[in-house]
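[1] show me how the following folds:
(chains A and B)
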Amino acid sequence: MKKIVLHGRRVTGGYAEGEALVTHDTISGWGGINPQDGTIIEKRHELVGKSVKEKVLAFPGAKGSSGWSTTFHIMRLMGNGPMAMVFKEMTSKVALGSVVAHIPAMTDLDQDPLEVIDNGDWVKVEADKGRIEVIKKSQNTEGTNRIKSITELNKSSRKKVIAFKE
Amino acid sequence: MLLNSDEQAMLDGKEGLDRQKAMELLVKYGEALGAERLVNTNNVCGGISGASPFVRKFAAKVRNMDAVFSEFNLDSGEGVKIFPVKASSCSLIQGMDPAHWQIQGVAPDAYEFNMRKERFYARIGINLMNTCAPYLIGNIPVKGEHCAWMESSAVALCNSIFGARSNTEGCESTGAAMLTGKIPYWGYHLPENRLGTHLLEVEFEVKTVMDWGLLGYYVGEIVQERIPVLNGIRHFPSFSSLKHFGAAAASSGGVEMFHIVGITPEASSLEEAFGKRPPADILKFGKAERQETYYKLISSATDRNVDFVVLGCPHYSIEQLRQVCLLLKDKYVHSNTNLWIFTPKAIKDIADRNGYTKTISKAGAILMTDTCPALGRVSPKGVKVVATDSAKQAHYLPAIMGFQTWFGSQEDCILAAVSGQWRGELK
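    Numbering: from 1, shown residues only, chains lettered A, B, ... in the order given. Here you go, the predicted model:
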């Protein structure tokens, strides 16, 4: 199976993987996400009602209030934050938010992440190496069940599953 | 990132643990941004977000404000003793009015936390301005001054109207800047990043504060965090109009800087506003765009029975309070409606002297300080339908509080407060 690899700049370091949540709308932190459960609450947002919790969040960038970082800070302390962030436009809000969320984040990618990554894809963010690996949901012939099961396996067996699919 | 010797000394802990934690955060933040160095700042506006119940729960657990500041203003899980600030610092808008917290529906523990926080701020030398509009009460940055401000609407004015230099900072970066007098040299601190990106031909004759709000909301949504250049403004805007414009553009998008040709300090001409780079896009604001923006702003509202009217976002100036008093004279707020007006405490002192506070309370309205409904999540009990003259509140209240929200002029709002009915329309 073909995997898609993107290269870019590390914003904050670390490694994480998870299911992608993708939007083409910029995200408001304070007043845009409820930190109690990570749900997007902005009325006219593409992802209204969806939670960022434990997702690899792919989005254009940050907008709105300067409480952006505090929202991601509180979500982290409550355990409701995303696993990693991938975004296109650097701003002070999204940079500080990535730092205080204590998760890997990347930007300046060699392909448009919002074109390449779809909702439900499995995304590995290796921020220190400047590398993102995308396993398409549609190319996962066994269906989404296998991707879901990956989360429950330990790291070594997870590698086997992916190797098997390749 | 390259550090000066004084920055390195702080990072090495030579000025104490609090300065060390602050520098550690600034280095991580600077690296995330891709900044090459830090810059000195002596003008920092920030605060601890006390409006969040989670922060209060955290404070109740750790039982000391040093640990709260360490976590929420320095991103340090280790609570360290905080020593007085290095940079000139002030607190921004807070979660409640300490004189009206009970009417605002604030819980006693939240009030207690607020007062503990004030005592802590005072102890470390943060000036208690408690407003989203610090420029109304004495914090007027000098052109070219490097600042570290939070509050998106204040940042937009700091850059655009005063010609000072600030990115939109957060609680953690302002906390670290207060202690160290440093902030990453990135974004709007660099002259080349301050040039316009989008040309906005303003075809509709924008005169009123309300129209400036619509214009700001329109352009913010399109340009997001880029820099619009307004051309064709024929009526000289009041400061209230610009304050409203900046707040609206910073809510619908992320506008941190704008130029108005012939008016703002870095746009004496179109050439100065854009430098040598042509605009990425040319937009227009005409009758159709104005109308479309108006209907977007009132899209949450259907019920015309208004039970809550909100004025003073961004916090009202003394002149805006005078206008309210002229409209409220010999009138009385409808029995099914509440009228709350928000201003900085320092301006309320002038309103007290001028008799404005008395006029407002005689009409059955309340003049409040330190907070606003969207930030403090404060409102009268049982509210369903709100009217406001602020595009920013109209943007946030439906999402944060679930209120149907009407948007209009100050006159529309006073009329709604007095009649209990929304009759505003786009004239």
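
[2] sec struct for residue B:387, please.
    Using DSSP: H, G, I helix; E, B strand; the rest coil, the structure places residue B:387 in strand.

[3] contacting residues for it?
    Listed by CB atoms under 8 Å, 6 or more residues apart in numbering or on different chains, the contact set of residue B:387 reads B:306, B:308-310, B:405-408, B:412-413, B:416-417, B:422, B:424. (Each C-beta comes from the backbone N, C-alpha and C, glycine too.)

[4] let me know the closest of those to chain A.
    Checking the contacts of residue B:387 against chain A by CB to the nearest CB gives residue B:405 as the nearest, at 10.5 Å.

[5] returning to that earlier point: let's have the contacts of residue B:387 in TSV, adding neighbour count.
    Listed next are the contacts of residue B:387 as TSV, based on neighbours: other CB atoms under 10 Å in any protein chain shown:
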residue	neighbour count
B:306	31
B:308	24
B:309	28
B:310	27
B:405	26
B:406	26
B:407	32
B:408	25
B:412	21
B:413	28
B:416	29
B:417	29
B:422	24
B:424	22
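
[6] for stretch B:259-271, list the C-alpha coordinates in PDB.
    The C-alpha trace of stretch B:259-271 is given here as PDB (Å, rounded to 0.1, in the frame of the first residue of the first chain):
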ATOM      1  CA  HIS B 259      -4.100  50.700   7.300                       C
ATOM      2  CA  ILE B 260      -6.500  53.500   6.400                       C
ATOM      3  CA  VAL B 261      -5.000  55.600   3.700                       C
ATOM      4  CA  GLY B 262      -4.500  59.200   4.900                       C
ATOM      5  CA  ILE B 263      -5.400  58.400   8.500                       C
ATOM      6  CA  THR B 264      -3.300  55.700  10.200                       C
ATOM      7  CA  PRO B 265       0.400  56.500  10.900                       C
ATOM      8  CA  GLU B 266       2.000  54.000   8.400                       C
ATOM      9  CA  ALA B 267      -0.300  54.800   5.500                       C
ATOM     10  CA  SER B 268       0.100  58.400   4.400                       C
ATOM     11  CA  SER B 269      -0.400  57.100   0.900                       C
ATOM     12  CA  LEU B 270      -1.300  53.800  -0.900                       C
ATOM     13  CA  GLU B 271       2.400  53.500  -1.800                       C
END
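
[7] could you list the buried residues of it?
    B:259-261, B:264, B:266-267 (16 or more other CB atoms under 10 Å in any protein chain shown).

[8] chain B contacts on chain A?
    A:9, A:11-12, A:26, A:31-32, A:35, A:41-44, A:61-70, A:73-74, A:77-78, A:89-93, A:95-100, A:105 (CB under 8 Å from any CB of the partner chain).

[9] now list the buried members of those residues.
    A:11-12, A:26, A:31-32, A:35, A:41-42, A:61-70, A:73-74, A:77, A:89-93, A:95-100, A:105.

[10] output the below-cut-off pLDDT ranges for the stretch 51-200 of chain B.
    Residue ranges of the stretch 51-200 of chain B with pLDDT under 70: B:51.

[11] just the ones of the buried ones among the residues of chain A next to chain B in strands?
    The strands, defined by DSSP state E, take in A:11-12, A:62-63, A:105 from these.

[12] tell me which two of those sit farthest apart.
    Greatest spatial distance in those: A:12 and A:63, 19.8 Å, computed using CB to CB.

[13] so the spatially most central residue of chain A bridges to which residues?
    Residue closest to the average C-alpha location in chain A (CA atoms, centre = their mean): residue A:56, at 1.8 Å. Per DSSP bridges, the residues bridged to residue A:56 are residue A:20, residue A:84.

[14] that one is in contact with residue A:19, isn't it?
    Yes. Assessed by CB atoms under 8 Å, residue A:56 is found in contact with residue A:19 at 6.8 Å.

[15] tell me, what's touching the two both at once?
    In contact with both residue A:56 and residue A:19: residue A:123, using CB under 8 Å, 6+ apart.

[16] residues in the stretch 201-350 of chain B within reach of chain A, list them.
    Looking at chain A, the residues of the stretch 201-350 of chain B close enough under CB under 8 Å from any CB are B:224-225, B:250-251, B:253-254, B:299-300.

[17] now residue A:30, nearest residue through space, not along the chain?
    residue A:67 (2.9 Å; CB to CB, 6 or more residues apart in numbering or on different chains).

[18] next, the contact list for the one you found, please.
    Here residue A:67 is in contact with A:29-31, B:49, B:150, B:170-171 (criterion: CB under 8 Å, 6+ apart).

[19] could you redo the last one with a cut-off of 7 Å?
    For residue A:67, the contact set (CB atoms under 7 Å, 6 or more residues apart in numbering or on different chains) comprises A:29-30, B:49.

[20] over to residue B:208?
    Applying CB under 7 Å, 6+ apart to residue B:208 gives the contacts residue B:409.

[21] residue B:182 contacts residue B:42, doesn't it?
    No. With contact defined as CB atoms under 7 Å, residue B:182 does not reach residue B:42; the gap is 10.5 Å.
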